[in-house]
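Visitor: Starting from these lines, generate the structure:
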Amino acid sequence: MDQPIGRILAALRGGPAVRLVGDADAVVTDLTLDSRQVDRHWMFCCIRGEHSDGHDFAAAAVEAGASVLLVERELSLAGLPAPAAAGAVAQAVVSDSRAATGWFAAAVHGHPSDDLRMIGVTGTNGKTTTAQLIGDVFRHAGRRVEVFGTLTGRHTTPEAPDLQRRLAACRDSGVEVVVMEVSSHALALERVAGTRFDVAVFTNLGRDHLDLHGTTERYFAAKARLFEPALSDVGVVNVDDVHGRLLFDSGTIPMRSCSIGDVSEIVVGATRHSYRWREQRVSVGMGGGFNVLNSLAAAEACRALGLSEPVIAAGLSAAGPVPGRFEPIDEGQPFAVVVDYAHTPDGIREVLRAARATTVDGRVLVVFGCGGDRDSEKRPEMAAAAVADADEIVITSDNPRSEDPAEIISAIVAGVPDDYRGTVVIEADRRTAIALAFAHAGAGDIVVVAGKGHETTQSIGDQVVPFDDRSVARSILRSDR
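Guide: Modelled structure (predicted):
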């Protein structure tokens, strides 16, 4: 909907201080961070990034039709073709254009989160599963739901203009509930600024994304921002996690605790877990002990939004498996195979413990690697976590990106202790590595293929090639029959 920039400024609702240069009647239809996406009457947000500065692309955006520029310094438009040189382009000057973009995006699209029931889920592990389960419960209750996250887009949490555009589309199409994974990147980079969450959920905190945040403390601080009054009304927090307890005790917003002690009669298998919660028997079609807290967090989030315990229990029991999250692969082989997205030390530790719990006398084998161009210091920690609970580890390539896979593997191997009594196999080719693990597995064993989960591609150098752990595993198992 076309709106004058003056009206948009009036609708910012406590956002950034803005100095407008130019015509307050300049019309805005939409906005973007990418000058290549600009169309007539769009606002172009000039963001200073690590490798480039959006201010350098302002002229190209104006020539493409931008009517308003969001800038950190007033730009000279001299020399641009009319009408730009005639002053038809307004500039909204702010101290931090990245921090301001979310507020402008929300105002341009009419603050769509106000008209939706919004649930934000953050944490190192379990975000996707918890978000999907919340969505399943509300669908089972007859509500129209959308879930945004790792399974639905390039970014776990979209950039602010894309996010507000998607929320507006949800509102306009009759969606009632939106469940979002909210990443630490999104919080640190202000992608959810201007969004209002009815409930914020915290799953846990482990080691991840230190290439962006630098320290665990800053990583936690980024996550904790979701639980500030500017973003969320109520928090649901896993207090069994030490950082969750710190968050709960902070009392920044009203908090509801979530703990394994809240449930009883827990039964966990390879493909299902169940327990008693608030007098309800809950049975969820996904295995792994770590998923008990994920489904419990989902239950408490739904309860915070007013669903009854029987409705929640029924919804969880009807929920399907989440792609790439302790997902079983069964082609009639005598051993179990699960594919999981675990790509952090804590994630590997939890998934292997869950695998161990599903075996009686069998061995646990794991195939994993580490991504390139990411937190390199976690690589030996991944190995240390793996050897603690696996009888055989097969170290391979994940998404090496611009790095040499052999160097990544070498860094992982450095974390294998000298006294490890299991077997270490090194195979850079991921398909061959999976096949080796299957060849070494016997009846009653379980093989965990970790790291990529639902992903369907592998990034090697400047190429992105098809690769899906699940389909590769099925192909190998079928060929072995």
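
Visitor: So what's the residue count around the closest residue to Val192 other than its chain neighbours?
Guide: Nearest non-adjacent residue to Val192, counting by C-beta to C-beta, 6 or more residues apart in numbering: Ala186, 5.6 Å away. C-beta: built from backbone N, CA, C; applies to glycine. By other C-beta atoms under 10 Å, 27 other residues sit near Ala186.

Visitor: Could you number the chain from 39 rather than 1 from now on?
Guide: Fine by me, first position is 39 from now on; the one you just mentioned is Ala224.

Visitor: what about the helix or strand where Ala224 lies, distance to the chain center?
Guide: Secondary structure from DSSP states H and E places Ala224 in helix 222-226. Here helix 222-226 is found 10 Å from its chain centre; the criterion is C-alpha atoms, centre = their mean, to the nearest Å.

Visitor: Tell me the strands beside the helix or strand following that helix, with direction?
Guide: Using DSSP H and E, the helix or strand that follows helix 222-226 towards the C-terminus is strand 235-240. Using DSSP bridges, the strands paired with strand 235-240 in its sheet are strand 155-160 (parallel), strand 270-276 (parallel).

Visitor: returning to what we had before: need the pLDDT of the residue nearest to Val230.
Guide: At Ala224, the pLDDT value in this model is 92.

Visitor: and if you look at Thr309?
Guide: Looking at Thr309, the pLDDT reads 90.

Visitor: Buried residues, stretch 380-397. List them.
Guide: 380-394, 396-397 (16 or more other C-beta atoms under 10 Å).

Visitor: actually stretch 257-264, not the one I wrote
Guide: Those would be 257-258, 260-264, for stretch 257-264 by 16+ other C-beta under 10 Å.

Visitor: With stretch 433-443 instead?
Guide: 433-439, 441, 443.

Visitor: cool, and stretch 395-408?
Guide: Result for stretch 395-408 [16+ other C-beta under 10 Å]: buried residues 396-397, 400-408.

Visitor: could you list every residue that touches Leu345?
Guide: 175-176, 179, 353 (C-beta atoms under 8 Å, 6 or more residues apart in numbering).

Visitor: In the residues you listed, find the pair that's most separated.
Guide: Using C-beta to C-beta, the pair of these lying farthest apart is Phe176 and Gly353, separated by 7.3 Å.

Visitor: Give the residues shared as contacts by the two.
Guide: Common neighbours of Phe176 and Gly353 (C-beta under 8 Å, 6+ apart) are 340, 345.

Visitor: How about the contacts made by the nearest residue to Met293 once chain neighbours are set aside?
Guide: In space, and not counting its chain neighbours, Met293 is closest to Gly273: 4.5 Å by C-beta to C-beta, 6+ apart. Residues in contact with Gly273 (C-beta under 8 Å, 6+ apart) are 237-240, 265, 285-286, 290-294.

Visitor: do Val375 as well
Guide: 366-368, 476, 484-485, 487, 511, 515.

Visitor: In PyMOL, select just the buried ones from these.
Guide: Of the contacts of Val375, the buried ones go into a single PyMOL selection, burial set by 16+ other C-beta under 10 Å:
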select buried, resi 366+367+476+484+485+487+511+515
